[in-house]
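Novice: What shape does this take:
(one chain, ligands or ions: 1)
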Amino acid sequence: MPSFMDQIENQKSKIENPTAEWDQARHWVESETGMDLSGSRFARLREAVVKSLGRKNPEPELRGILARPEQQAGFLERLTGQLTVGESFFFRNEHHFRALREQVLPQILAENGSRHEVRVWSAGCATGEEPYSLAILFDQVLSNHPGWQVSVLGTDLNPEFLQRAREARYRQWSFRQTDIHQDRRYFTLEGDIYRLVDRLREHVRFAILNLVKDVYPSPLTGTVGLDLILFRNVAIYLKPEVTAAIMRRFYEALRPGGWLLLGEAEVTAAPQGAFEIRRFEQDTLYQKPSGRSPNTTDNGAWAFPPLLASGTVSAGVALPNVPALPEWMPLPPNRPRGTATTASVNSPDVMVWEQIDKALTAGHLDDAERHVDRITVTKQRATLRLRFVRSLLVRAEVARARQMLEICLKEEPLLLEAQLLKAGFADEAGDLATAEQACRRALYINPSAPMAHFQLALVLERKGDGASVARSLKTTLKLLQGKDPHSLVEFGDGVCHGRLKEMVSLLMSK
Ligand SMILES: C[S@@+](CC[C@H](N)C(=O)[O-])C[C@H]1O[C@@H](n2cnc3c(N)ncnc32)[C@H](O)[C@@H]1O
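Specialist: Numbers count the residues shown, from 1 in each chain. Model (predicted):
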């Protein structure tokens, strides 16, 4: 039997001289998760693989998994569970919540006074303490102001965390910096478990979203036109260029004037340039400038390097597999339109759209709408209406976007994309019956659209209809068989067949 010192030397040598399969594993995990596992961090990967596979010498299994893509989604999930910390607690960083309560929320509420709607996103929410703290905060601030609709979205890459978040049952340790659990308006005590009351629990939506691989901003994921994004204690192990790319996506996902709150780990890669820096007593927040084109700075220059759009940061540094910005996102004037644009530059759609976009950018929404109304060809009008809906969402004109979508559906009820958007709106508003109906209408239009089955599965999951969820996921999977994993899913807002398949597998394995 090797001596203790021999065993240590053996381990050390394995860490310093990784074999081909370990090298391959490291590259794979880095590109899937955006993490930096080079140098001394490699030891963490080894430890995570050993734990995930439950073997001291996991090389044979690891080789098998690397060779079989169908096993990779579940394994990667277990692995990232080991590599990331899911630790969270209510009202974490009391000073952050003070800045939100005293400085940020009053501004958001003043700005949104005419529409009485607020939309916030906790990105990397772990087991839900952060989004629920936001829901409680808004409830407290708005207690004397009825009629507001606050939508809180919590996303994470780990479906197990999200499941626990949905249950909203917490132990004392989750309240280590607050006594909010003593407040019976918010929590009931069941044995030694504090359970968040349904009124607030139902208020927060949870969804799988890997910030390094998934599509955002998108109305399908509720990540567009946001007032506030919290991104805290998530980027600890991410490569700085990946964190920067995520921040750029957040910039796109915020409405003009929207806010970004970062944790300490994220501040080191804090965005420079495009955001306005707002300093409060102990905190710095980042605000997207309002009142101008959503993507440009004062001199019209692009303030962030177009990381995600180009797919590289600088020569030789490849970004993880993130889809390009969706075609409907407004582009800055000095950046050429991407290859994703399907219409030719001189096509009538593009020319009319340019007029609409100009009016929208100038804030002349009625003029923009008149341009659309004037189009006589029904199909062209409907297509541009949908694009208009998305542009309204980028500007957080949610009520108007909903109205426009309804007009569009009245004129062209057989537009699958419009039905999916409607499902997204209804889901966000908690109207699950309408969301289900819109998904079913989408399926009536095209029974073999994987995205429609997938969206239906998500809605049914929120309704707690387990058997139907399983059926919809199975059908989605069947429709994805044989598709090129890198090709785009129709109506998926940029999601690839491979990623959709992965998400379905994750949901099925729960
Ligand atoms: C320490 S928790 C932070 C929770 C909460 N934001 C807070 O500050 O209390 C980090 C979370 O980020 C999630 N995470 C890590 N990488 C992620 C990614 N690429 N996309 C989405 N979530 C990610 C992890 O699964 C984990 O739940």
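
Novice: Please enumerate the strands of the stretch 1-150 of the chain.
Specialist: Assigned by DSSP state E, counting those that start in this stretch, the stretch 1-150 of the chain shows strands spanning 117-123, 149-156.

Novice: The longest one: what's the following helix or strand?
Specialist: Right, strand 149-156. helix 159-167 (DSSP states H and E).

Novice: Compute the distance from the centre of that next one to the centre of its chain.
Specialist: In terms of CA atoms, centre = their mean, to the nearest Å, the centre of helix 159-167 is set 16 Å apart from its chain centre.

Novice: Please look at residue 210 and residue 162 and confirm they touch.
Specialist: No: the pair residue 210 / residue 162 is not scored as a contact, 11.9 Å apart, by CB atoms under 8 Å. From N, CA and C alone the C-beta is placed, and that goes for glycine too.

Novice: Show me the shaky parts of the stretch 301-450 of the chain.
Specialist: 301-348 (pLDDT under 70).

Novice: Let's see that with 90 instead.
Specialist: Scanning the stretch 301-450 of the chain for pLDDT under 90 picks out the ranges 301-363, 365, 371-380, 383, 394-399, 429-430.

Novice: residues in contact with residue 280?
Specialist: By CB atoms under 8 Å, 6 or more residues apart in numbering, residue 280 lies in contact with 99, 102-103.

Novice: what would those residues look like in JSON lines with neighbour count?
Specialist: JSON lines is the format used below for the contacts of residue 280 (neighbours: other CB atoms under 10 Å):
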{"residue": "99", "neighbour count": "22"}
{"residue": "102", "neighbour count": "12"}
{"residue": "103", "neighbour count": "15"}
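
Novice: from the residues you listed, which single one is nearest the ligand?
Specialist: Lowest distance from the ligand to the contacts of residue 280 (CB to the nearest ligand atom) belongs to residue 99, with 14.9 Å.

Novice: okay, the closest one: pLDDT?
Specialist: Reported pLDDT at residue 99 in the predicted model: 96.

Novice: just residue 83 next, same as before
Specialist: Value listed for residue 83 in the pLDDT field: 87.

Novice: Kindly report the same for residue 283.
Specialist: Listed pLDDT for residue 283 reads 89.

Novice: Assess the claim that it and residue 99 are in contact.
Specialist: Yes: here residue 283 reaches residue 99: they are 4.5 Å apart, a contact under CB under 8 Å.

Novice: what do the two both touch?
Specialist: Joint contacts of residue 283 and residue 99 (CB under 8 Å, 6+ apart) are residue 261.

Novice: Quick one: the helices in the stretch 1-150 of the chain, in order.
Specialist: 4-16, 20-33, 42-53, 59-67, 72-83, 94-99, 105-111, 129-141 (DSSP state H, counting those that start in this stretch).

Novice: Comparing the ones you listed, which comes out most buried?
Specialist: helix 129-141 (a mean of 23; mean count of other CB atoms under 10 Å).

Novice: Now do the same contact list for the closest residue to residue 25 other than its chain neighbours.
Specialist: Nearest in space to residue 25, with sequence neighbours left out and distances taken as CB to CB, 6 or more residues apart in numbering, is residue 62 at 5.9 Å. Residue 62 makes contacts with 21-22, 25, 49, 53, as judged by CB under 8 Å, 6+ apart.

Novice: and residue 62, how far is that from residue 79?
Specialist: As judged by CB to CB, to the nearest Å, residue 62 and residue 79 stand 10 Å apart.

Novice: Mutual contacts of the two, please.
Specialist: Residues touching both residue 62 and residue 79 (CB under 8 Å, 6+ apart): residue 49.

Novice: helices or strands next to the strand or helix carrying residue 194 in the packing?
Specialist: For residue 194, the host element (DSSP H and E) is strand 193-196. Applying 3 or more CB pairs under 8 Å, 6 or more residues apart in numbering; DSSP states H and E, one finds that strand 193-196 makes contact with strand 169-170, strand 187-190.

Novice: Spell out which parts of this protein neighbour the ligand.
Specialist: 33-34, 84-88, 92, 124-126, 130, 156-158, 161, 210-212, 232-234, 263 (CB under 6 Å from any ligand atom).

Novice: which of those residues count as buried?
Specialist: 33-34, 84, 88, 92, 124-126, 130, 156-158, 161, 210-212, 232-234, 263 (16 or more other CB atoms under 10 Å).

Novice: Now do the SS call for the residue nearest to residue 256 when sequence neighbours are not counted.
Specialist: Closest residue to residue 256 apart from its sequence neighbours, by CB to CB, 6+ apart: residue 290 at 4.1 Å. Counting by DSSP: H, G, I helix; E, B strand; the rest coil, the backbone at residue 290 sits in coil.

Novice: so what are the domain limits for this structure?
Specialist: 4-83, 94-307, 413-508 (automatic domain parsing).

Novice: how distant is the second one from the center of its chain?
Specialist: Shown here is domain 94-307, whose average C-alpha point lies 11 Å from the average C-alpha point of the whole chain (CA atoms, centre = their mean).

Novice: Show the backbone phi and psi for the residue positioned nearest the centre of the chain.
Specialist: Nearest residue to the geometric centre of the chain (CA atoms, centre = their mean): residue 209, 4.8 Å. Backbone torsions of residue 209, given as degrees, to the nearest 10, read phi -160, psi 110.

Novice: next one: the one 4 residues further on
Specialist: Here the main-chain torsion angles of residue 213 (degrees, to the nearest 10) amount to phi -130, psi -20.

Novice: That one: neighbouring residues, count only.
Specialist: 21 (other CB atoms under 10 Å).

Novice: close enough to count as contact, it and residue 73?
Specialist: No: Residue 213 lies out of contact with residue 73 (CB under 8 Å); the separation is 11.1 Å.

Novice: Who are the packing partners of the longest helix anywhere in the chain?
Specialist: As assigned by DSSP state H, the longest helix anywhere in the chain is helix 378-394. Applying 3+ CB pairs under 8 Å, 6+ apart, we find helix 378-394 packed against helix 348-361, helix 365-373, helix 398-411, helix 416-428.

Novice: Pick the most deeply packed of those.
Specialist: Buried most deeply of these, by mean count of other CB under 10 Å, is helix 416-428, with a mean of 24.

Novice: so what secondary structure elements neighbour that helix?
Specialist: Using 3+ CB pairs under 8 Å, 6+ apart, helix 416-428 sits against helix 378-394, helix 398-411, helix 432-445, helix 450-463.

Novice: orientation of the third one relative to helix 398-411 in degrees?
Specialist: It refers to helix 432-445. For helix 432-445 against helix 398-411, the angle by axes from the mean of the first three to the mean of the last three CA atoms, to 10 degrees is 40 degrees.

Novice: How far away from the center of its chain is helix 432-445?
Specialist: Worked out by CA atoms, centre = their mean, helix 432-445 lies 22 Å from the chain centre.

Novice: tell me the angle that helix makes with helix 416-428.
Specialist: 160 degrees.

Novice: List the buried residues in helix 432-445.
Specialist: Applying 16+ other CB under 10 Å to helix 432-445 flags 432, 434-439, 441-443, 445 as buried.

Novice: And residue 277, which helix or strand is it part of?
Specialist: Going by DSSP H and E, residue 277 is in strand 276-279.

Novice: list the helices and strands the helix or strand following that strand packs on?
Specialist: Per DSSP H and E, the first helix or strand lying C-terminal to strand 276-279 is strand 284-287. When contacts are defined as 3+ CB pairs under 8 Å, 6+ apart, strand 284-287 packs onto strand 254-262, strand 276-279.
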